[in-house]
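Student: structure of the sequence below:
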Amino acid sequence: MPKIYRNPRVMIRLARHGCANRPFYHIVAILNRRARNSEAFFEQLGTYDPMPNNHNEKLVSFNFERLKYWLAKGAEPTKPVYTLLGYSGFLPLHPMSTVLARRARQQQQLNAAAALQEENTESEIAS
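Tutor: Have a look, this model is predicted:
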């Protein structure tokens, strides 16, 4: 007997594929109560490869026409999908995107300053 959903919602979310240390995601429209990697999704709307390639790029592809259709039908994107759509310019940026970018930039500056200071102390000790 098939499951009967009382208040089903359609979500646009990531379905994980790929190997253990090599993730690859399909962006799918699926009922919110289904499993993450369930084959019972309505439609595949795109792909996301989070592993950087030779040019240090993370590849994302979307079918924007079908995304418009599902969003018009009331589908809700999850936070990671919303972030990817914001980066692509399709939706406004998620508020945490700018916060995370600022934090990463500050951490990178701190690491660079610490490395420079360590290098200076090593050169002082050597001379």
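Student: tell me where the chain has helices.
Tutor: 64-72, 79-88, 95-126 (DSSP state H).
Student: give me the residue at the spatial middle of this structure.
Tutor: Ranked by distance to the mean C-alpha position of the chain (C-alpha atoms, centre = their mean), the top residue is Pro80 at 4.2 Å.
Student: what number of residues lie near the closest residue in space to that one that isn't next to it in sequence?
Tutor: Nearest-residue entry for Pro80: Leu14, 5.8 Å, with adjacent residues in sequence omitted and distances by C-beta to C-beta, 6 or more residues apart in numbering. For the C-beta atoms, the positions are set from N, CA and C on the backbone; glycine is no exception. Neighbour count for Leu14, taken as other C-beta atoms under 10 Å: 22.
Student: quick one: Leu14 from Ala126, how far?
Tutor: Going from Leu14 to Ala126 by C-beta to C-beta, to the nearest Å gives 50 Å.
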